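**Student:** Quick one: sequence and predicted model below, then my questions.
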Amino acid sequence: MIVSNLEFEDLPYKLETRVPLTQSALWDLQWRYYAEQGADAWRNGQVPHYVTSNPTVANCYAEIILACRRDYLRNANLLDGESQPITICELGAGSGRLGFQIVSILERLQRDIASPNRAFRYVLTDFAQSNLDAWRSYPKFQPLLEYGALDLALFDVKQSEAIELQICGETIRTGSLETPLVVIANYLFDSVPQDLYYFNRGQTRTCSISLAAGVDPETTSAADLVSSIQVQYSINQIPEILAEHTVQEQILTRYQNTIDDAYLLFPSVALDCLDRMKGFSPTGMLLLTADKGDHALADLQGQSPPPLVRHGSFSYTVNYNAFEQYCALNNGVALFPERQGPGLTFGALIVTQNAELYGETRNAYARFVQDSSPTDFRTMAALVRRSMDDMSVEEILAFLRTSHYDAHQLLRLLPRLSELIGSMSPSARSAVTNVIERVWEMYLPLGEPTDLANQIARLLYDMDEYSLAIKFFLRSIELYGDIGSTLFSLAASYYLTSDYSKAGSFLCTILERDPENEQAQELLEKCIASLNNSIPQTVEL
C-alpha cells in the first residue's frame, strides 16, 4: 500500500526512496537548518517558541521542580542543604529564554524560603556549539554562569552518553548524580527522529518514507528545502515480529493488540534518550515536557499518515501515550491532563525510586497544570487581546501580574497604556513603573526586530518618569545601537532631569553626525541656557 501526495511524482529531485522514517535524511536536514540559522531561528520568529517559553510555563515548571526536591529530601531523610543541588537539564534549549525564566523564578523562590545552599543548577543544552556560544554572550547570563546557577553543554538526543558542562568542567555520566535529574523537553520530541508503524488486525508493520523536492538540494538552503520538500509514506508488507524483550517492544505489542487501521508515530529515539538520562542518577529522573500530541489511547485509533508541519524547520506530533506507558513499565508515575483540550500537552514523568511517594510533585502538577494550566493562560490572553482597547490601568496591571510579568504581553498592551497616561493617578503610575521593572527582570533580549526597551522608555517619558526612561533608553542603545532618534530621546530625558552636561554630550554626538539637525541644535541651546540658570522646558519627542 502506498500513501502518496499527488505532486510527489512530478517533483524533479528525488532525495530518498523507502527509507525507515527514523533513518530519513529529513533529520539531517533538520540539523542543517538549525546549524545554518543559529540563534536567528528564534530571534526572527521563524521557529515558534513563545508558547512553551513564557513566564507562565516557567513558573509552572519551577514550582514542580521545587516540589520534587522537597519530595526527594523527605524520602531520603535529608535536611535542606544536606544534598547536592538538583540538576535541571533542558534538552534543545533553543533561544535559552525558558531556562532564563525558570532560573529567575527559582532564584526568587529560593530567596523567599531562605535556603542555606543553592538548591539547583540549570544546564542549557543543544547539539550545535553555535547556540551555546550565543548563550554565553548574553549579558543577563553572565552572573548566572559565574556563580554556578547556570551551565552549558553540548548534547545530542540521538547518541550522547554524558553531559560535559562547559563552564564548571564537570561531566555528568551514569550514576554521577545523587539527586534526581530533572529533564525539560519543550518543543523537542516533535523534532527528533521517530519511527512510523501501521497497526491493523493484530499485525504491526513498519512504514518507510520517500522524499522529493522542487529545488536542487545541493544549492538550496535548509530553510528553502524544508519549505519545498514533499513526503510519501509506504507500508512494508512483511509484518514486524515483536519479541517483547525491551520496554519499547512491550509498548508496541500493546498497540498491536489494541489499535486497528492506524498510523502511529513512535518516539524510539526519545525513549532511548530518557533511558540514558535516568541512569545519570540512581535516584532517577523527573521529565517535564510540553508539545503538540496525544496521550489518551483512544486518540490514537484510526490515525492517518502524519503530516509534516513546517515552521522554518519542521515537526511531527508526539505520541505521549508511549511516554506514559514507558513510565508505567519503569515503575514510575505519569502525569498528563485529565482534560485534553486544543493546543499543547503538558506532561510530567516521575521515574524515580519510590515514585509513588512524590506526593508534593503530584500536587504541584495538579495545581499548575490540571487546575490552572499554561493553556488556560493562553485562553485568557486571547480574551485580553480582544478587549484590550477597553481595559483600565488596573485591569492591565492585574493581567500582567497574573502573566508572571510577561514581556510579550506587555508589548501588546503598551499602546493602551499610552492612551491611559492622562487618567493615571500617582499610585497607578507607581504601580505601572513597578510592573515594568519586574517585566524587564524576566525578559531575556534576543535581538528581535522589536526594541522593547525603547518602547518602554517612550512610555515612561510620556509619563514624565524621566529617570527611569533614561535607564531604558540606555538599555535600548546597548542592545540596538545609538541610532539618532534614541540618542535624542536620551538627551531630552537628561535635560528634563536637569543633567544638562550629559544631555549636551549626547546632543553634540548627534550634531557631529548630522550638523543640520535643527531639533538637536535647539535643545543644545536650551542646555547651554539652562547651565546659565535658566528653567528647563518640556521637550516633544
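**Tutor:** Great, that's in hand. Numbers count the residues shown, from 1 in each chain.

**Student:** name the helices or strands packed onto the longest helix anywhere in the chain?
**Tutor:** Longest among the helix segments of the chain by residue count, using DSSP state H, is helix 55-75. Packing partners of helix 55-75 (3 or more Cβ pairs under 8 Å, 6 or more residues apart in numbering; DSSP states H and E): strand 86-90, helix 97-112, strand 181-186, strand 284-291, strand 345-352, helix 359-365, helix 374-387. Every residue, glycine included, has its C-beta placed from N, CA and C.

**Student:** One more pass at 7 Å, please.
**Tutor:** If you count contacts as 3 or more Cβ pairs under 7 Å, 6 or more residues apart in numbering; DSSP states H and E, helix 55-75 packs onto strand 86-90, helix 97-112, strand 181-186, strand 284-291, helix 359-365, helix 374-387.

**Student:** which one of those lies closest to residue 270?
**Tutor:** strand 181-186 (7.7 Å; Cβ to Cβ).

**Student:** Report the distance from that closest one to the chain centre.
**Tutor:** Relative to the centre of its chain, strand 181-186 is centred 12 Å away, using Cα atoms, centre = their mean, to the nearest Å.

**Student:** Kindly report the same for stretch 415-425.
**Tutor:** 32 Å.

**Student:** Could you pull out the buried residues of it?
**Tutor:** 416, 417, 420 (16 or more other Cβ atoms under 10 Å).

**Student:** sorry, back to before: what sits up against the longest helix of the chain?
**Tutor:** The contact list for helix 55-75 (Cβ atoms under 7 Å, 6 or more residues apart in numbering) reads 80, 83, 86, 88, 98, 101-102, 105-106, 109, 119-120, 179-180, 182, 184, 283, 286, 288, 290, 348, 354, 357-361, 363-365, 368-369, 374, 377, 403-406, 442.

**Student:** one step back: quick one: the helices and strands packed on helix 55-75 as a markdown table, columns for mean pLDDT too.
**Tutor:** Formatted as a markdown table, those follow (pLDDT from 0 to 100):
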| stretch | mean pLDDT |
| --- | --- |
| strand 86-90 | 97 |
| helix 97-112 | 91 |
| strand 181-186 | 97 |
| strand 284-291 | 97 |
| helix 359-365 | 98 |
| helix 374-387 | 94 |
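
**Student:** Relative to residue 10, which of these is closest?
**Tutor:** Per Cβ to Cβ, nearest to residue 10 of those: strand 284-291, 33.4 Å.

**Student:** next structured bit after that closest one?
**Tutor:** strand 293-294 (DSSP states H and E).

**Student:** Show me what that following strand is packed against.
**Tutor:** So strand 293-294, by 3+ Cβ pairs under 7 Å, 6+ apart, packs with helix 320-329.

**Student:** Quick one: distance of the helix it packs on to the chain centre.
**Tutor:** 24 Å.

**Student:** Stretch 53-68 now?
**Tutor:** Worked out by Cα atoms, centre = their mean, stretch 53-68 lies 12 Å from the chain centre.

**Student:** As PDB, could you dump the C-alpha coordinates of it?
**Tutor:** Extracted C-alpha coordinates of stretch 53-68, given in PDB (Å, rounded to 0.1, in the frame of the first residue of the first chain):
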ATOM      1  CA  SER A  53       8.900  29.600  26.600                       C
ATOM      2  CA  ASN A  54       7.000  32.200  28.600                       C
ATOM      3  CA  PRO A  55       6.900  33.100  32.300                       C
ATOM      4  CA  THR A  56       3.700  31.100  33.000                       C
ATOM      5  CA  VAL A  57       5.300  27.900  31.700                       C
ATOM      6  CA  ALA A  58       8.500  28.800  33.600                       C
ATOM      7  CA  ASN A  59       6.600  29.300  36.900                       C
ATOM      8  CA  CYS A  60       4.700  26.000  36.400                       C
ATOM      9  CA  TYR A  61       7.900  24.100  36.000                       C
ATOM     10  CA  ALA A  62       9.700  25.900  38.800                       C
ATOM     11  CA  GLU A  63       7.000  25.100  41.300                       C
ATOM     12  CA  ILE A  64       7.000  21.400  40.200                       C
ATOM     13  CA  ILE A  65      10.900  21.200  40.400                       C
ATOM     14  CA  LEU A  66      11.000  22.600  43.900                       C
ATOM     15  CA  ALA A  67       8.200  20.200  45.000                       C
ATOM     16  CA  CYS A  68      10.200  17.300  43.500                       C
END
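
**Student:** mean confidence for it?
**Tutor:** Averaging pLDDT along stretch 53-68 gives 96.

**Student:** Would you mind confirming that residue 448 makes contact with residue 42?
**Tutor:** No. Using Cβ atoms under 7 Å, residue 448 is not in contact with residue 42, being 8.8 Å away.

**Student:** neighbour count winner among the two?
**Tutor:** Taking neighbours as other Cβ atoms under 10 Å, residue 448 and residue 42 compare with residue 42 leading, 24 against 15.

**Student:** wait, what's in contact with that one?
**Tutor:** When contacts are counted by Cβ under 7 Å, 6+ apart, residue 42 touches 49, 94, 95, 446.

**Student:** Turn these into a markdown table, including neighbour count.
**Tutor:** Converted to a markdown table, these look like this (neighbours: other Cβ atoms under 10 Å):
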| residue | neighbour count |
| --- | --- |
| 49 | 19 |
| 94 | 23 |
| 95 | 23 |
| 446 | 18 |
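
**Student:** Return the member of these nearest to residue 429.
**Tutor:** residue 446 (29.5 Å).

**Student:** Name the SS class of that closest one, please.
**Tutor:** Recorded secondary structure, residue 446: coil (DSSP: H, G, I helix; E, B strand; the rest coil).

**Student:** For residue 467, which non-adjacent residue is closest in space?
**Tutor:** residue 497 (5.7 Å; Cβ to Cβ, 6 or more residues apart in numbering).

**Student:** count of neighbours near that neighbour?
**Tutor:** Residue 497 has 15 neighbours, counted by other Cβ under 10 Å.

**Student:** Okay, helices next: where are they in the stretch 201-350 of the chain?
**Tutor:** With helices called from DSSP state H, counting those that start in this stretch, the stretch 201-350 of the chain shows them at 222-228, 247-258, 268-278, 320-329.

**Student:** quick check: angle from the last one to helix 247-258?
**Tutor:** Put plainly, it is helix 320-329. Orientation check (axes from the mean of the first three to the mean of the last three Cα atoms, to 10 degrees): helix 320-329 against helix 247-258 gives 120 degrees.

**Student:** Good, wrapping up.
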